[in-house]
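> A structural model of the following input is requested.
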Amino acid sequence: MIKNTELVISPDSINDEKALYTAASQKLKISTNDITAIRQIRRSIDARSKFPVYRINADIYVNEPVKETDEFNINYKNVSESAKKAAVIGFGPAGMFAALRLLEAGVKPVVFERGKDVRARRFDLKNIQQEGIVNPDSNYCFGEGGAGTYSDGKLYTRSDKRGNVKKILNTLVNFGAVTDILLDAHPHIGSNKLPQIVQSIREKILECGGEIYFENRVTDLLLQNSKVKGLVANGKEHLFDAVILATGHSARDVFYMLKNKSLALEAKPFAMGVRIEHPQALIDKIQYHSEHRNENLPAASYNVNCRVGDKGVFSFCMCPGGIIVPASTAPDELVLNGMSVSKRNSKFANSGFVVEVNEKDWQRFSSYNEFAGLMLQKELEEICFRLGNNSQKAPAQRITDFVNKKISSTLPETSYIPGTISVPLHSELPSYISEKLSQAMLIIGKQKPGFYTENAQILACESRTSSPVRIPRNKENLMHIQAEGLYPAGEGAGYAGGIVSAAIDGENCAAACIGNLG
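Below is the predicted model of the structure:
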């Protein structure tokens, strides 16, 4: 007999197998001797009361042998001699999982990635961090693994209805991720672990006969009678019957390329704002109701949101025990993002703190049509670059000074390596952002006492929450509405919002591509 139940375990006992069996026996009112095994399904932290606990959903095997499963033991076919092949543009989560799905079906993936492989990419990240030098083709957004590799590896998603989340997580485990991601309600890999995982994925694709070309920027699509015939990368033509376009939300040149091919695009709502940074010890105290965090509890995270008039204001990509990094993709802009290593042991906590943006806000850019939102995004990034003395230094302000419209005479210590500059962001940021953020800080400060404090600061700007452009596609076959054989996928196409959802969308597009190739 197998009984599914919830077990409540204190942090002190979370690593004690005996305590787990005792809790199960008490819950089911049976002897521990009758419990053959306990298989944990889901694990989360409940910090709503004074003393945080772990809640574990588990299958309890009562006098029942444990059955092993190979549900996600995937067979990747050797495609060296395959006559069927498909191009994959972009090697982030959507492109990677699209390529793996093609291998499952025996279709040869040929990947074109504008950036460098994950190891070589590190030198360009060092340059932007320490020297303020931006490589437009190799940075936190572009390169092997995409934006997810060096920006945290958070795997939480609400995309269960779009595809098989468990398969995505198991695939990551098969390539080296810790098995904890299969259990945790908010799974996380860490920016220090992801490079080896994406390298292992690359090696599998190559081992099976797939092809991957780094530092190959795609500059054109070959179309004939509204049908894809191939692409141009680094000035060379390549012929394909199918192309999966998975270039991420920052590849603006790809949007312009599609526009030049007279292919439909749409402006879409997104969100922009700032990065907000607190001492991690303060967030631990707020979330765990204690001056000292139990050693078996992770660095505390939070999720805040509120309505301010007609706008939603919310946290985004929260990084407990993390750092803020420069995610610019051009030399004349300043874009921030956050990341954490697997241990989440930085003394800082940061999160995007952003405001919904829609067509009312980009009305003055309406002449740019589908690029109106993109122009608004670009404007903010250029403003912040100027405010940072035309460098990757971030304009910053204590949040109490921001609300009270005062210049910060000093700034708190920060995790942001390029450094900060005191700037009156309350007057320099566009009013459609600054006014909403200011009101939201007071609202959330009441919801979470201690959140609104002079020890916290905001750094500008957080502008790449999602793509400001959508590439429309047919719901039935996931092809672009005007180009047969072109499959827009992932965040850049406007159909995903994180590592797992992008991976799922990449898989879905690959499956549709496989069906079309017969």
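
> need the helices for this protein, in chain order.
17-28, 93-104, 121-130, 146-149, 165-174, 194-207, 252-260, 280-288, 372-387, 399-404, 425-428, 431-447, 490-493, 499-517 (DSSP state H).

> Summarise which helices and strands the third one is packed against.
In this case it means helix 121-130. With contacts taken as 3 or more CB pairs under 8 Å, 6 or more residues apart in numbering; DSSP states H and E, helix 121-130 sits against strand 323-326. Just so you know, the C-beta spots here come from the backbone N, C-alpha and C atoms, and that holds for glycine as well.

> Check the longest one too.
Under the contact criterion of 3+ CB pairs under 8 Å, 6+ apart, helix 499-517 touches strand 85-89, helix 93-104, helix 146-149, helix 165-174, strand 243-245, strand 486-488, helix 490-493.

> How far away from the center of its chain is stretch 41-50?
23 Å (CA atoms, centre = their mean, to the nearest Å).

> mind checking the longest strand of the chain?
Counting residues, the longest strand in the chain under DSSP state E turns out to be strand 35-46.

> For that one, list every residue counted as buried.
Across strand 35-46, burial judged by 16 or more other CB atoms under 10 Å covers 35, 38, 43, 45.

> Find the least confident helix or strand in the chain, judged by mean pLDDT.
helix 146-149 (a mean of 88; mean pLDDT, DSSP states H and E).

> Not counting it itself, show me its contacts.
Helix 146-149 has contacts (CB atoms under 8 Å, 6 or more residues apart in numbering) with 90-96, 118, 121, 140-141, 143, 191, 194-195, 198, 248-250, 327, 337, 464, 491, 498-499, 502.

> Wait, residue 403 touches residue 441, no?
Yes: counting by CB atoms under 8 Å, residue 403 does reach residue 441; the two are 5.6 Å apart.

> Quick check on these two: which one has the bigger neighbour count.
residue 441 (22 against 18; other CB atoms under 10 Å).

> Just the pLDDT for that one.
pLDDT for residue 441: 97.

> low-scoring pLDDT stretches of the chain, where are they?
69-71, 152, 159 (pLDDT under 70).

> go with 80
Filtered on pLDDT under 80, the chain yields the residue ranges 67-72, 151-153, 157-161, 518.

> quick one, what contacts the closest residue to residue 273 other than its chain neighbours?
Leaving out its chain neighbours, the residue that sits closest to residue 273 by CB to CB, 6 or more residues apart in numbering is residue 354, at 3.5 Å. Each residue near residue 354 by CB under 8 Å, 6+ apart is listed here: 271, 272, 273, 274, 313, 314, 315, 316, 462, 465.

> ok, so of these, who is nearest residue 261?
Set against residue 261, the nearest of the contacts of residue 354 by CB to CB is residue 465 (27.1 Å).

> Just give the number of residues close to that closest one.
22.

> That one is in contact with residue 270, isn't it?
Yes: at 5.7 Å, residue 465 counts as touching residue 270 under the criterion of CB under 8 Å.

> Report the beta-bridge partners for residue 223.
residue 228 (DSSP bridges).

> can you tell me which residues contact it?
229, 261, 483.

> let's see it at 10 Å
Contact analysis of residue 223 by CB atoms under 10 Å, 6 or more residues apart in numbering lists 229, 230, 261, 262, 263, 482, 483, 484, 485, 486.

> and the residue nearest to the fourth one when sequence neighbours are not counted, what is it in contact with?
Closest residue to residue 262 in three dimensions, ignoring its sequence neighbours and counting by CB to CB, 6+ apart: residue 482, at 7.9 Å. Under the criterion of CB under 10 Å, 6+ apart, the contact partners of residue 482 comprise 223, 226, 258, 261, 262, 263, 264, 472, 473, 474.

> my read: residue 360 touches residue 373, true?
No: contact criterion CB atoms under 10 Å: residue 360 and residue 373 do not qualify, at 11.2 Å.

> ok, those two, which is more surrounded?
The neighbour count for residue 360 versus residue 373, taken as other CB under 10 Å, is higher for residue 373 (25 against 10).

> rewinding a little: kindly indicate which of the contacts of residue 354 lies nearest residue 206.
residue 465 (33.3 Å).

> is the closest residue to that closest one other than its chain neighbours in a bridge, and if so with what?
Closest residue to residue 465 apart from its sequence neighbours, by CB to CB, 6+ apart: residue 271 at 4.5 Å. As for beta bridges, residue 271 partners with residue 356 under DSSP bridges.

> and what of the one 4 residues further on?
According to DSSP bridges, residue 352, residue 459 are recorded as the beta-bridge partners of residue 275.

> wait, what's in contact with it?
316-317, 319, 324-325, 336-338, 350-354, 394, 396, 414-416, 457-462.

> one more time with 7 Å, if that's ok
With contacts defined as CB atoms under 7 Å, 6 or more residues apart in numbering, residue 275 is in contact with 324, 336, 338, 350, 352, 458, 459, 462.

> Out of those, grab the one that's most surrounded.
Neighbour counts for these peak at residue 350, which has 35 neighbours (criterion: other CB under 10 Å).

> Please name the residues that touch it.
Contacts of residue 350 by CB under 7 Å, 6+ apart are 275, 276, 277, 319, 322, 324, 338, 415.

> Quick check: the nearest residue to the third one once chain neighbours are set aside vs residue 37, distance?
Nearest residue to residue 277 in three dimensions, chain neighbours excluded: residue 350, at 4.4 Å (CB to CB, 6+ apart). Here residue 350 is placed at a distance of 40 Å from residue 37 (CB to CB, to the nearest Å).

> between the contacts of residue 223, which is nearest residue 410?
Using CB to CB, those come closest to residue 410 at residue 263, 51.1 Å.

> from memory residue 277 sits against residue 414, does it?
Yes: using CB atoms under 7 Å, residue 277 is in contact with residue 414, at 6.2 Å.

> So for those two, which residue has more residues nearby?
residue 277 (29 against 19).

> just to revisit the earlier point, okay if I get the helices and strands packed on helix 499-517 as TSV plus distance to residue 49?
Shown next, in TSV, are these (distance: least, CB to CB, whole Å):
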stretch	distance to residue 49
strand 85-89	48
helix 93-104	36
helix 146-149	34
helix 165-174	29
strand 243-245	47
strand 486-488	46
helix 490-493	37
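
> Need these in JSON lines (columns: mean neighbour count and distance to residue 57).
Listed next are those as JSON lines, based on neighbours: other CB atoms under 10 Å; distance: least, CB to CB, whole Å:
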{"stretch": "strand 85-89", "mean neighbour count": "27", "distance to residue 57": "36"}
{"stretch": "helix 93-104", "mean neighbour count": "29", "distance to residue 57": "26"}
{"stretch": "helix 146-149", "mean neighbour count": "28", "distance to residue 57": "27"}
{"stretch": "helix 165-174", "mean neighbour count": "20", "distance to residue 57": "14"}
{"stretch": "strand 243-245", "mean neighbour count": "30", "distance to residue 57": "36"}
{"stretch": "strand 486-488", "mean neighbour count": "30", "distance to residue 57": "36"}
{"stretch": "helix 490-493", "mean neighbour count": "30", "distance to residue 57": "30"}
